[in-house]
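In: For reference, the sequence and a predicted model appear below.
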Amino acid sequence: MDLQKKAAQLRTKTFEVITQAGGGHYGGSLSAVEIMTVLYYDVMNLSGGIAAKDRDRFILCKGHSGPPLYVILADKGFIAEERLKELDQNGGSLPKHVDRLKVQGIDYSSGSLGQGLSVACGMAASLKEKYPDTRVYALLGDGECDEGQVWEAAMLARQYQLDNLIGIVDYNQCQIDGRTSQVINLEPFADKWRAFGWNVLECDGHDTNALQKTITQAKLHHGQPTIIIAHTKKGRGVSFMEDNYIWHSGKITQEQFEIGLRDLEGRG
Amino acid sequence: MRLVCGIWKEGAESMEKRNTNQTYGETLVRLGETRKNLVVVEADLMKASGSAAFVKAYPNRQYNVGIAEQNLIGFSAGLAATGKIPFASTFACFAAQRACDQAVNAVAYNNFNVKIIGTSAGLTSEKNGGTHISVADLAIYRAIPRFQVFDPGDAEEFAQVLEYAADYVGPVYIRSNKGDFPVFHSPDYQFKPSVAEVLQDGADVGLITTGITTNEGIQACQELNRKGIEVYHLHMGTIKPFDEQAVLDCVSKVKKIVTVENHSIIGSLGSAVAEVLAKHGTQAKLVQLGLRDCFGETATLDYMMHKHGIDASGIIETITQL
Ligand SMILES: Cc1ncc(C[n+]2csc(CCOP(=O)(O)OP(=O)(O)O)c2C)c(N)n1
């Protein structure tokens, strides 16, 4: 499968689905498309189905990026395509912040930032005992790494040598009130993770080949958890949104929707 | 029927609406003019609080701690300890839940002069959904010693509560309800802390509301008046210290009370009323409207208020069936 192409399709669909819902978290949804695509269409072992105890797990720590994940789950047949229309609707079954009790295939209900990595550690510690080949993937926001709990979990993962845990940071360098460098500067980011005892890898988070290679490398690493700093652009692919923190969330006009679609098709 | 406090008499439809976030920014700009120690502390949710106007007016009097609510409250405690008057804000859910121990220990136990503003409170978080809808913030802050707790009914009261908080020395928690809501207080209204407002006198049933449910209560009363049901309507903008006497005055006239809150029915307005009734051995039937031990969901405010029976129609239905 041409993953780069697949991701482009999923991005367009994500843009459409959020717009149809009346707006939402465009920025961090569009920045994470390739990461989720590579996980769900290549890396993660889901062959035994959602109910398999030894399947890989995915924790979307930055829970506001539910739309691309729902688009993927629908594309893969885990949920009915029809349900995408229910995103964020009154009485609907698809809340933007992913919800494990409403959507089959979601491993953890998130929305409160900074908690996911701890949960991922718990899963990794427990799965390691019985299913040594099972991996836990956790996707974090960069702004999310302001939360102290992320670093508590980072120390814990090192302590228990959770090499079955692979964290990926969607490093789009934007949060809500500004660029991360202006709000709370994370740099030197890779060094921080290294200092906390993690194996650190970096790659272009919009290049599916690079992501595949980097995650494969992470899986081969023993004795330490791995963090992948995936360099991305918030609002990727939509000209007026790309790399602009203002588009963390919002509503767009019909005209903006058409511009966005043209941008996305052009890049296809 | 008699209007006891100065609410607009034309009726709910004709009341001007004001935006809560805009009120926050404008009020802080005004308060900050003379109170040079007043500072704003944000946690990557400046857009959601409305403090941008303050930042524009006084660029050197704002701090942004990033997405770190525990740090937000701890840092604010330090600012207060050294003479500042910090107005720290984040979503009400995180202000109460994530930073609870910091509010207890760093602020209340040390008795530091920190003002915590819980934004997008309760169901006004709307489409952010269950993880963001604070069903317990008032209960949590109410249970913390030394905190005064407010859920203002409209933007006018909100502005005056902010002013009160700026000058009162001690920990304060104030709800900020996202959106545009009718202003039922008249221009000559004067906020008084821990004094409930009698919005309407009546002998059939008592209605006690707080925050955004007061507007719903006012609308409900207009309809109930037409039906000939006389409602004694109390607005409790202060959740703590609680105006016990106002509740006792109410039950001296009516023997059935309905409380309405944009919150869990456990631990806030309805519970406080129940405590007053029990403490004084007062016989009255109490019906508590609010979220019945459940979470919110991703939906619009109107939809959820209706679903939980805390909008005007839900109040009317409950009262007519009493
Ligand atoms: C504990 C907590 N605090 C605040 C928020 C509000 N919030 C939602 S998204 C967001 C910014 C997230 O930035 P980042 O983690 O960089 O995500 P991305 O840019 O990838 O969307 C904030 C502050 C939240 N959801 N949880």
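Out: In hand now; what should we look at? Residues are numbered from 1 along each chain as shown, chains lettered A, B, ... in the order given.
In: alpha carbons only for contacts and neighbour counts from here, please
Out: Noted.
In: What residues of stretch A:212-232 count as buried?
Out: By neighbour count on 16 or more other Cα atoms under 10 Å in any protein chain shown, the buried set for stretch A:212-232 is A:212, A:214-215, A:218-219, A:224-232.
In: One more: stretch B:285-295?
Out: Judged by neighbour count (16+ other Cα under 10 Å), stretch B:285-295 contains these buried residues: B:285-291, B:295.
In: Tell me how many other residues crowd residue 69.
Out: No chain was given, so I picked chain A. 24 (other Cα atoms under 10 Å in any protein chain shown).
In: Oops, wrong one, chain B.
Out: Taking other Cα under 10 Å as the neighbour definition, B:E69 ends up with a count of 28.
In: how far away is it from B:A121?
Out: With distances taken as Cα to Cα, to the nearest Å, B:E69 is found 16 Å from B:A121.
In: Just give the closest residue to A:T12, not the sequence neighbours.
Out: With Cα to Cα, 6 or more residues apart in numbering or on different chains as the measure, A:L264 is the residue that lies nearest to A:T12, at 6.3 Å, once sequence neighbours are left out.
In: would you list the buried residues of stretch A:212-232 in a markdown table and tack on pLDDT, secondary structure and distance to A:K102?
Out: Shown next, in a markdown table, are the buried residues of stretch A:212-232 (pLDDT from 0 to 100; DSSP: H, G, I helix; E, B strand; the rest coil; distance: Cα to Cα, whole Å):
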| residue | pLDDT | secondary structure | distance to A:K102 |
| --- | --- | --- | --- |
| A:Q212 | 98 | helix | 30 |
| A:T214 | 98 | helix | 32 |
| A:I215 | 98 | helix | 29 |
| A:A218 | 98 | helix | 31 |
| A:K219 | 98 | helix | 31 |
| A:Q224 | 98 | coil | 34 |
| A:P225 | 98 | coil | 30 |
| A:T226 | 98 | strand | 30 |
| A:I227 | 99 | strand | 29 |
| A:I228 | 99 | strand | 29 |
| A:I229 | 99 | strand | 30 |
| A:A230 | 99 | strand | 29 |
| A:H231 | 98 | strand | 31 |
| A:T232 | 98 | coil | 29 |
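In: Output the residues you listed as JSON lines; include the columns distance to the ligand.
Out: Output for these, formatted as JSON lines (distance: Cα to the nearest ligand atom, whole Å):
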{"residue": "A:Q212", "distance to the ligand": "20"}
{"residue": "A:T214", "distance to the ligand": "20"}
{"residue": "A:I215", "distance to the ligand": "19"}
{"residue": "A:A218", "distance to the ligand": "22"}
{"residue": "A:K219", "distance to the ligand": "24"}
{"residue": "A:Q224", "distance to the ligand": "24"}
{"residue": "A:P225", "distance to the ligand": "20"}
{"residue": "A:T226", "distance to the ligand": "19"}
{"residue": "A:I227", "distance to the ligand": "15"}
{"residue": "A:I228", "distance to the ligand": "14"}
{"residue": "A:I229", "distance to the ligand": "12"}
{"residue": "A:A230", "distance to the ligand": "11"}
{"residue": "A:H231", "distance to the ligand": "11"}
{"residue": "A:T232", "distance to the ligand": "9"}
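In: And for A:R194, the neighbour number?
Out: For A:R194, the number of neighbouring residues by other Cα under 10 Å comes to 14.
In: Good, wrapping up.
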